[in-house]
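Novice: Next comes the sequence, and after it the predicted model I'd like to discuss.
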Amino acid sequence: MKTHLSAFSAALAATGLLLTGCSGGSSEGNAGGGGNGKDLEVVSFQGGFGIDFFKQAATEYESKHPGVHIKVSGGPRVWEQLRPRFANGTPPGLTWPGWGMDYWALIYDNQVFPLDDALKTPPYDGKGTWKDTFDPSLLKLGEYQGKQYELPYHYNIMGWWYNPDTFTKHGWTVPKTFKDLLDLAPKIKAAGMAPITYQGMYPDYTIKGFLFPWVISVGGIKAADDAQSLVPGAWKSAAFLKAAQMIKQLRDSGFFEDGADGLSHTQSQTDFLQGKAAMIPCGTWLESEMRKTMPPGAKMAFMLPPVVDGGAGDPSAIMIGIEPWIIPTAGPNHDLAIDFYKYMTSVDKAKQFITQCGTLTAIKGSDQITLPPLLVEPARLFRESKTVYSIQFDTWYSTLGTESKNAMAALLNGSNTPEEFVDRLEAAAEKVRQDKSKPVHTMTH
Amino acid sequence: MRNRGRTAFIVTYLAPAALLYGVFVIWPVLQAIGFSLFKWSGLSSKKTFVGLDNFKQLFHDSVFWEALLHNAWIFVFGGGAILIVGIAVAHGTQGEGRLTKVLRSVYLFPNIMSLVVVAILWEFVYDPHIGLVTSLTNLFGGSHASAPGAVVQNTSILGNPAKALPAVIITFVWFSVGFYIMLFSAGIRQIPQEVAEASKLDGAEGLFRFRKITLPLLWSVGRISVIYLVINTLNVFALVFLMTQGGPDRKTEVMLTYLYEQAFVNSDYGAATALAMANFVIVMAVSGVVLRLTRKDPSGAVQ
């Protein structure tokens, strides 16, 4: 299997080399990007949304710009093919490398082309600047040291999901506060269901679905921003401790599905859809991820994680995440790559993406259509939220990200107390502070 | 003259193999040694020479030692189980009965399955709700925890810090053992008929014959098996990566899953190749020790 794989990737790498070879790729990282201005290779992560939309956009763009040739390819682990191409200076012109790519390492190594100049130019189909067409709270996630490196396309909203039919049938109301949740959970258990399940094998979900919403609810957005900015002591602040204690309380009360700590994302999400659990933390990708295995009649609806009664945080706070596109510095034909991406970010194309792929986009006004039913509520909550935030520390500081996941697993399976949990987080943050080789990021609101 | 022709002949025939070996084995190893002396993200040509820093860090990295310990457990318990089951089943399926013939074709099944399939299959076996293990527990008196009013009861296996590694080891044994049964079966069949018959005439029966005749004559096969086990258990990756990601909280972390983390999550290729070097040296060293310890063949054959 191993030899198979390496032969396969060698063949892929060779194809990649040939392709950039054909397009007259120059690895000079100048402002123009080199190249003949006519050929563009687009490499995209291929997940729940597929790559058909991008292929279709490429065909449309080609027909509008005679002589231009755009090749779109993708794969579910496309970052593995892109890594060696970045290393040897032959990356594609435009890429969405997917969640497995270390974007920040690329940026630190000057492998990503800054787009500030491009953002000052007019958009594809309107007035003003291209920059104005993006939602600013999403655009700022791709900034580093005052420069724009990553551009958002679609974005996800993180929250909880519940089955509205089950809630109606039993006469339950969706818990708005943690106290509501504690009151409701025994009733759910009495009905033979687990109140909450979660993706135990991937503690990322519970960090984003339990920990941070409650840190912010208890201590306000500053508590989370300080932690992400590595302010000394922030990871073991009262807000973090309280949030960890809330998680432990749910666990000790038996409000989590038994054995959830060993479930993969698909196992737990299937349990939720089969009605074994009443609620689950997950992003707006839930439907597209589970579409193929959804039991008939399964229903779901979005809710914000219940907030702490009397907490300092904004109850409308909402967590979002982007999966950015980048233009590699060493890629050929920067101008063409920018122009094609501009085309994709026109309001019409963005609206089309929402309809076709069932997810929201970062383009202002693109949600002014009949949204897919499951997106209506998250989109409304996002529009009305006064505090939009994102989790970035795990990609900025991978070791802290890993340690936070490990500590979360230990908290959920009971081998760490909330005190041990926050101590581990602070110790990992301290380690990053000591490591002078990693650039420091700050997050503010 | 004749000698020169002979040399030319040897060189010509060895050259392709030597070239391939050089390009695909020696060169990458040398390259890896080189990489391990640099700080490198693996994402650009920017490399900084750091000497032996990566090795120093590795030596002081508690995660590495924890991972190595897990590899050792897999070798001791997984490898031990494989040897025992392998020899026992090979010994038991030597007959020509219909059942043994069926068994002989069945035991290799897991081994020809893709590891991805094996991992997913066993994720289901260990599923806390629909899994075989949970169902069996329920059958034998364990209660289903989701019953109304039940207190918190941890039915998880892969999420349990004490059970996850044993669970992975069981899957490893299930997947690998067929290959070793095959090795031992071949070994048993190679035992000269005369020896087997002579021992029978002398009245050696059952366990006694197995212990005094079969086992010693299997020594060289056993030796090879142990070397294979050293390599396979110290290099285990896909199964762990797919089943537990090294979790929960690193309780199933092994050397190569940590290597993957260093290379692809932390973008620290220098640290990753230093780990690869350490792994290489450990595999060689343990293999060397095994060969040395098992040099004396109790059957008296010269190794």
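Specialist: On my side now, so go ahead.
Novice: neighbours around residue B:46, how many?
Specialist: Using other CB atoms under 10 Å in any protein chain shown, residue B:46 is surrounded by 14 other residues. (Each C-beta comes from the backbone N, C-alpha and C, glycine too.)
Novice: and it, what is it in contact with?
Specialist: Applying CB atoms under 8 Å, 6 or more residues apart in numbering or on different chains, we find residue B:46 in contact with A:109, A:110, B:40.
Novice: Show the backbone phi and psi for it.
Specialist: Backbone torsions for residue B:46, taken as degrees, to the nearest 10, come to phi -80, psi 110.
Novice: Need the contact partners of stretch A:363-373.
Specialist: A:132-135, A:287, A:345-347, A:350-351, A:353-355, A:358, A:360-361, A:375, A:379, A:383.
Novice: Now, of the residues you listed, which are buried?
Specialist: Neighbour-count burial (16 or more other CB atoms under 10 Å in any protein chain shown) is assigned, among the contacts of stretch A:363-373, to A:133-135, A:287, A:345-347, A:350-351, A:353-354, A:358, A:360-361, A:375, A:379.
Novice: what bits of the chain have low per-residue confidence?
Specialist: This is for chain A. Low-confidence segments of chain A (pLDDT under 70): A:1-34.
Novice: Hmm, no, I was thinking of chain B.
Specialist: For chain B, the stretches with pLDDT under 70 are B:1-2, B:141-155, B:299-303.
Novice: the strands in it, which residues?
Specialist: Using DSSP state E, the strands assigned to chain B run over residues B:38-40, B:47-49.
Novice: Direction included, what does the first one pair against?
Specialist: The partner list of strand B:38-40 in its sheet, established with DSSP bridges, is strand B:47-49 (antiparallel).
Novice: Tell me the buried residues in the partner strand?
Specialist: Neighbour-count burial for strand B:47-49 [16+ other CB under 10 Å]: residue B:47.
Novice: can you list contacts of that strand?
Specialist: Defining contact as CB under 8 Å, 6+ apart, one finds that strand B:47-49 is touched by B:37, B:38, B:39, B:40.
Novice: Could you rank the contacts of residue B:46 by neighbour count and give me the top one?
Specialist: residue B:40 leads these on contacts (other CB under 10 Å) with 25 neighbours.
Novice: what's the distance between that one and residue A:234?
Specialist: 31 Å (CB to CB, to the nearest Å).
Novice: likewise residue B:237?
Specialist: 36 Å.
Novice: One more: residue A:268?
Specialist: 30 Å.
Novice: Okay, now the sheet partners of the strand ranked longest in chain A, with direction.
Specialist: Longest strand in chain A by number of residues (criterion: DSSP E): strand A:154-162. According to DSSP bridges, strand A:154-162 forms sheet pairs with strand A:277-283 (antiparallel), strand A:301-303 (antiparallel), strand A:318-322 (antiparallel), strand A:360-361 (antiparallel).
Novice: what packs against the next helix or strand after the third one?
Specialist: The one in question is strand A:318-322. Using DSSP states H and E, the helix or strand that directly follows strand A:318-322 along the chain is helix A:334-344. In terms of contacts (3 or more CB pairs under 8 Å, 6 or more residues apart in numbering or on different chains; DSSP states H and E), helix A:334-344 is packed against strand A:39-45, helix A:52-64, strand A:94-96, helix A:347-357.
Novice: mind running it again at 7 Å?
Specialist: Applying 3 or more CB pairs under 7 Å, 6 or more residues apart in numbering or on different chains; DSSP states H and E, we find helix A:334-344 packed against strand A:39-45, helix A:52-64, strand A:94-96.
Novice: just to revisit the earlier point, any idea how far the longest strand of chain A is from the chain center?
Specialist: Mean C-alpha position of strand A:154-162 versus that of the full chain (CA atoms, centre = their mean, to the nearest Å) differs by 10 Å.
Novice: orientation of that strand relative to helix A:52-64 in degrees?
Specialist: Between strand A:154-162 and helix A:52-64, the angle comes out at 150 degrees (axes from the mean of the first three to the mean of the last three CA atoms, to 10 degrees).
Novice: continuing past strand A:154-162, what's the next helix or strand?
Specialist: helix A:164-170.
Novice: Does chain B have contacts with that next one?
Specialist: No - counting by CB under 7 Å from any CB of the partner chain, chain B is not contacted by helix A:164-170; separation bottoms out at 13.3 Å.
Novice: Now do the helix or strand just after that helix: distance to the chain's middle.
Specialist: Scanning forward in sequence from helix A:164-170 by DSSP H and E, the next helix or strand is helix A:178-190. The chain centroid and the centroid of helix A:178-190 are separated by 30 Å under CA atoms, centre = their mean.
Novice: Three-state assignment for residue A:126, please.
Specialist: Under DSSP: H, G, I helix; E, B strand; the rest coil, residue A:126 falls in the coil class.
Novice: State the distance from it to residue A:365.
Specialist: Separation of residue A:126 from residue A:365 (CB to CB) stands at 9 Å.
Novice: Over to residue A:183?
Specialist: Distance from residue A:183 to residue A:365, by CB to CB: 41 Å.
Novice: Could you do residue A:74 as well?
Specialist: Distance from residue A:74 to residue A:365, by CB to CB: 27 Å.
Novice: Compare those two and say which is more crowded by neighbours.
Specialist: Each of residue A:74 and residue A:365 has its neighbours counted (other CB under 10 Å); residue A:74 has more, 21 against 13.
Novice: in what helix or strand does the more buried one lie?
Specialist: strand A:69-75.
Novice: Which strands border that strand, and is each parallel or antiparallel?
Specialist: Sheet pairing of strand A:69-75 (DSSP bridges) gives strand A:39-45 (parallel).
Novice: who touches the partner strand?
Specialist: Applying CB atoms under 7 Å, 6 or more residues apart in numbering or on different chains, the external contacts of strand A:39-45 come out as A:19-20, A:22-23, A:51, A:54, A:58, A:69-74, A:78, A:82, A:92-98, A:333, A:336-337, A:340.
Novice: circling back: so which of the helices and strands packed on helix A:334-344 is the most packed in?
Specialist: Mean neighbour counts were taken over those using mean count of other CB atoms under 10 Å in any protein chain shown, and the top value, a mean of 26, falls to strand A:94-96.
Novice: Other residues contacting that one?
Specialist: Looking at what lies outside strand A:94-96 - CB under 7 Å, 6+ apart - the contacts are A:40, A:42-45, A:82, A:323, A:325-328, A:337, A:340-341.
Novice: possible to save these as TSV with distance to residue A:427?
Specialist: TSV is the format used below for the contacts of strand A:94-96 (distance: CB to CB, whole Å):
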residue	distance to residue A:427
A:40	46
A:42	42
A:43	38
A:44	38
A:45	33
A:82	33
A:323	30
A:325	35
A:326	33
A:327	38
A:328	36
A:337	42
A:340	46
A:341	41
